[in-house]
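S.K.: Predicted model and sequence follow; I will ask about them next.
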Amino acid sequence: MAGASARRLPYKDFLQPALQRRFATSGLVILVIAYLEGLLFASWHSWIWPWFPIGPAGVRTFFLFLCGVSIIILRIHQYHPGLRTSSSAASTLVRNIWSLNTAEAIFSYLTSALLFSQIYLWCLSEETGLEWITYYMSDRAKLNEKTVFLTTHCAILGIYHGIQHIVSDTDRLTFGVARPKSEKDDAKRASEEGDSGTQWQRLGNQLPEIVVYTLTQSLTGTTLSMVVYVLALRSTIWHILMLLLRPIYNLPRTNMTPATLPFSFSIIVRCLWVSVLLTFSWSVANAAFSLLLVKNPLKNNQPLSSESKDSNGSLLNGLKQKKLSIKCFAMWELAYIARDFPERRKAIYEDLERKNGPMWSQVYEICSQTLKQIESNIDSYGATPSPSSSSAPATDSASNIVKKDRTTPAPQSSDIFQPSPSPKKSFARASLEKTLASAAASSGPDSDPVLSPTAKKLLSQTRSTLLQATKEVTGSDDTSSIFKEYATKFLKSPLGGVFRQSYARRLSLAVLGQPYGEPSLYMNAAYALTGLAVNSLAEDKYGNVQRDVAAIIRTLTSITKKLETFRQGLDVHWTDVEGKKECTEVDEILEALKDGLADMVDAFALYARDLRLSLTDMRLAREAAGLGRERRGEEQQEMGEVVRRR
């Protein structure tokens, strides 16, 4: 157990150095890409200077590195764990379109693209004819529109990718899960846990996908730039550049745009080439950051907090953090400890003299509250707001006397000495009110208003024609089915996909909460809690864990049954035209809960009576875990004999 004088360092003091090393590694990947692209920009008039780092190659590499590292800096500032939970993509767009993160993403990509375009133009030879200013008749200067279009194309490409960065939620980090060891899932488990070698392998496996994405986006971006430049930007950009450059280069006084468009075959090919290089650099930067940053929370094959003088205290500090990313890393580390590190598990069991209670008790409380958050999210999803205090009887704050409702009309506030209206006016007003009330009452679905016979006949014919047309189109007499049919066609289109409230989105929103929800937090909490409880049979010499085993089994049973019932009972929204009742994130959480509950039932079934677990508790636990009534008798008896010998 930790000594009283041991200094407990915050968990972030061990996490931040690990993250900084991973930032540096992703930056090294960008440096390699920048050097390779710099070789493509070289003229190769000699065999040394185009590749020698000290010289023009180093200068090109440095500036190209700035283009890629700006995306890494953006990711560092905006990364978040968990997916963005919302009912539809449209609601996510409305929530994020005017945010500061969107402006920052667009600015970062735009700056990177403009810098890249100028580096490319600087590396070109004069024979390409892409200088900003060209001369004719030996002394007349004019602005080169081909160069203007290439630079504008890079700017449009940057804005396009900045918007796409926000829409596709590129800033999300997917954390790993410390699943229990099993031979059949070794490959999957190694991939999910974020091993160092596996991360590099996954980055290599993504290269073909990145190449295909790069080519597709380059074609899309070049086409978009040509359309936008001609329809919206050409005249404005030309006038602005002429005003800025005329005092420097003595350009013509007229701001008239050239008669011909700058879309020659060579300039289109160069725009495609620049798009490929730039998009590839951005894609590799994002992939490297997303993969390398979420490596497992280990250092030298030991948990990150092992370097602390008070390892348990530092880990506990991380578990109590409000920042979701730090808490996810700490919970991931705890799940590793529960599975792979017996010495750290024993330290948790034996740490009794800690502020706010023993280490195990605090870990149990944190993991339980994390899992119970699923129930809270489900209960609060779609709940009607509580009645406001205005509906309660009014109370006098001074005398604390309840004010009763008035049973007689309130005194009139009008002038009682004002002369009353004439009988004619009163009779006319009463007749008008009676006529209006009669017309309103007779305008129901089965009656017609007070109309002339000719108007009634015309109205009846119109109704019959409308109903007949509706029946021919939709096959029913329901006029609202026309709207539903056209709405369904719109929702099936690519544009309508933004407004679909899919089953997966709605279930994720209900279970994970908002604005972000990280499934690995709940999965690691389940594996950590059950792993520590199961291993306590052989390692907890003080027997502190056994007092909470019954509560753990009941809690997991309740959460599992409630989550499964809610998942099956959630209906498909009418806008979800695909109608697929699938949600990978929630299914993985449910699988983790069932696996942990099955391990608890297998380990403690023989001691159910001693733990004050009734037959009903065990039956419900087996049903929730998906187990049959039969037990693994031989394994349980062996475990029971081992414990009894101790």
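M.R.: Perfect, I can see it now.

S.K.: which residues of the stretch 51-200 of the chain fall in strands?
M.R.: Counting by DSSP state E, counting those that start in this stretch, one finds strands in the stretch 51-200 of the chain at the ranges 80-81, 83-84, 133-136, 140-143, 172-173.

S.K.: Pipe the ones you listed into TSV and attach mean pLDDT, distance to residue 283 and mean neighbour count per row.
M.R.: Heads up, the C-betas are built off the backbone N, CA and C, glycines and all. As requested, the strands of the stretch 51-200 of the chain are exported to TSV (pLDDT from 0 to 100; distance: least, C-beta to C-beta, whole Å; neighbours: other C-beta atoms under 10 Å):
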stretch	mean pLDDT	distance to residue 283	mean neighbour count
strand 80-81	91	20	19
strand 83-84	88	20	20
strand 133-136	83	34	12
strand 140-143	87	33	15
strand 172-173	92	16	17
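
S.K.: Distance to residue 623 added to those, as CSV?
M.R.: Output for the strands of the stretch 51-200 of the chain, formatted as CSV (distance: least, C-beta to C-beta, whole Å):
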stretch, distance to residue 623
strand 80-81, 33
strand 83-84, 30
strand 133-136, 79
strand 140-143, 77
strand 172-173, 35
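
S.K.: quick one, which of those is nearest to residue 343?
M.R.: Checking these against residue 343 by C-beta to C-beta gives strand 80-81 as the closest, at 28.6 Å.

S.K.: which helices and strands sit right next to the closest one?
M.R.: With contacts taken as 3 or more C-beta pairs under 8 Å, 6 or more residues apart in numbering; DSSP states H and E, strand 80-81 sits against strand 172-173, helix 324-340.

S.K.: Strand partners (parallel or antiparallel) of that strand?
M.R.: Next to strand 80-81 in the sheet, as set by DSSP bridges, lie strand 172-173 (parallel).

S.K.: And the contacts of the strand it pairs with?
M.R.: Residues outside strand 172-173 that contact it (C-beta atoms under 8 Å, 6 or more residues apart in numbering): 79, 80, 81, 82, 83, 84, 290, 293, 294, 325.

S.K.: rerun that using 10 Å as the cut-off
M.R.: 75, 78-84, 289-291, 293-294, 325, 328, 516, 518, 520 (C-beta atoms under 10 Å, 6 or more residues apart in numbering).

S.K.: Which of those are buried, as a ChimeraX select command?
M.R.: To isolate the buried ones among the contacts of strand 172-173 in ChimeraX, judged by 16 or more other C-beta atoms under 10 Å, type:
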select :75,78,79,80,81,82,83,84,289,290,291,293,294,325,328,518,520
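
S.K.: Please point out which parts of stretch 532-548 sit buried.
M.R.: Within stretch 532-548, the residues that count as buried by 16+ other C-beta under 10 Å are 532, 533, 534, 535, 536, 537, 539, 540, 544, 545, 546, 548.

S.K.: Check stretch 222-233 too.
M.R.: Counting neighbours by 16+ other C-beta under 10 Å, one finds that the buried residues in stretch 222-233 are 222, 224, 225, 226, 228, 229, 233.

S.K.: Including distance to residue 569 and pLDDT, could the residues you listed go into JSON lines?
M.R.: Below are the buried residues of stretch 222-233 laid out as JSON lines (distance: C-beta to C-beta, whole Å; pLDDT from 0 to 100):
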{"residue": "222", "distance to residue 569": "49", "pLDDT": "95"}
{"residue": "224", "distance to residue 569": "44", "pLDDT": "95"}
{"residue": "225", "distance to residue 569": "49", "pLDDT": "95"}
{"residue": "226", "distance to residue 569": "51", "pLDDT": "95"}
{"residue": "228", "distance to residue 569": "48", "pLDDT": "96"}
{"residue": "229", "distance to residue 569": "53", "pLDDT": "95"}
{"residue": "233", "distance to residue 569": "52", "pLDDT": "94"}
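
S.K.: just those now: which is nearest residue 454?
M.R.: For these, the residue nearest residue 454 by C-beta to C-beta is residue 228; the value is 57.5 Å.

S.K.: how about that closest one, what does it touch?
M.R.: By C-beta under 10 Å, 6+ apart, the residues touching residue 228 are 152, 153, 156, 159, 160, 234.

S.K.: hmm, try it at 6 Å
M.R.: Going by C-beta atoms under 6 Å, 6 or more residues apart in numbering, residue 228 touches residue 156.

S.K.: Tell me how this protein divides into domains.
M.R.: 16-175+192-292, 299-380+501-645 (automatic domain parsing).

S.K.: What ranges does the stretch 301-450 of the chain have for its strands?
M.R.: Listed in chain order, the strands of the stretch 301-450 of the chain (DSSP E, counting those that start in this stretch) span 302-303.

S.K.: Which residue ranges of it form helices?
M.R.: For the stretch 301-450 of the chain, the helices defined by DSSP state H, counting those that start in this stretch occupy 311-319, 324-340, 342-350, 359-380, 423-441.

S.K.: Pull out the buried positions in the fourth one.
M.R.: Right, helix 359-380. By 16+ other C-beta under 10 Å, the buried positions in helix 359-380 come out as 359-364, 366-368, 370-371, 373-375, 377-378.

S.K.: Same check on the second one?
M.R.: Neighbour counts over helix 324-340 (16+ other C-beta under 10 Å) mark 325-340 as buried.

S.K.: wait, which of the strands of the stretch 51-200 of the chain is closest to residue 320?
M.R.: strand 80-81 (16.6 Å).

S.K.: Quick one: residues in contact with the closest one.
M.R.: Strand 80-81 is contacted by residues 171, 173, 175, 324, 325, 328, 516, 518 when judged by C-beta under 6 Å, 6+ apart.

S.K.: Now the closest residue to the third one other than its chain neighbours: which helix or strand?
M.R.: Setting aside the residues directly before and after it, residue 175 is nearest to residue 520 in space (C-beta to C-beta, 6 or more residues apart in numbering), at 4.1 Å. Taking DSSP states H and E as the definition, residue 520 sits inside helix 519-539.

S.K.: distance between that helix and the chain's centre?
M.R.: 26 Å (C-alpha atoms, centre = their mean, to the nearest Å).

S.K.: Can you spell out which helices and strands pack onto it?
M.R.: Under the contact criterion of 3 or more C-beta pairs under 6 Å, 6 or more residues apart in numbering; DSSP states H and E, helix 519-539 touches helix 324-340, helix 342-350, helix 359-380, helix 584-604.

S.K.: rerun that using 7 Å as the cut-off
M.R.: helix 324-340, helix 342-350, helix 359-380, helix 546-569, helix 584-604, helix 633-645 (3 or more C-beta pairs under 7 Å, 6 or more residues apart in numbering; DSSP states H and E).

S.K.: Can I get those in CSV including mean pLDDT and distance to residue 612?
M.R.: Formatted as CSV, the helices and strands packed on helix 519-539 follow (pLDDT from 0 to 100; distance: least, C-beta to C-beta, whole Å):
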stretch, mean pLDDT, distance to residue 612
helix 324-340, 95, 24
helix 342-350, 94, 21
helix 359-380, 95, 17
helix 546-569, 95, 6
helix 584-604, 94, 11
helix 633-645, 46, 18
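
S.K.: show me where pLDDT drops low in the stretch 51-200 of the chain?
M.R.: 138, 182-197 (pLDDT under 70).

S.K.: Return the member of the buried residues of stretch 222-233 nearest to residue 114.
M.R.: residue 225 (13.6 Å).

S.K.: Just list the residues touching that closest one, thanks.
M.R.: 152, 153, 156, 157, 271 (C-beta atoms under 7 Å, 6 or more residues apart in numbering).

S.K.: And for residue 291?
M.R.: So residue 291 contacts 199, 202, 203 (C-beta under 7 Å, 6+ apart).
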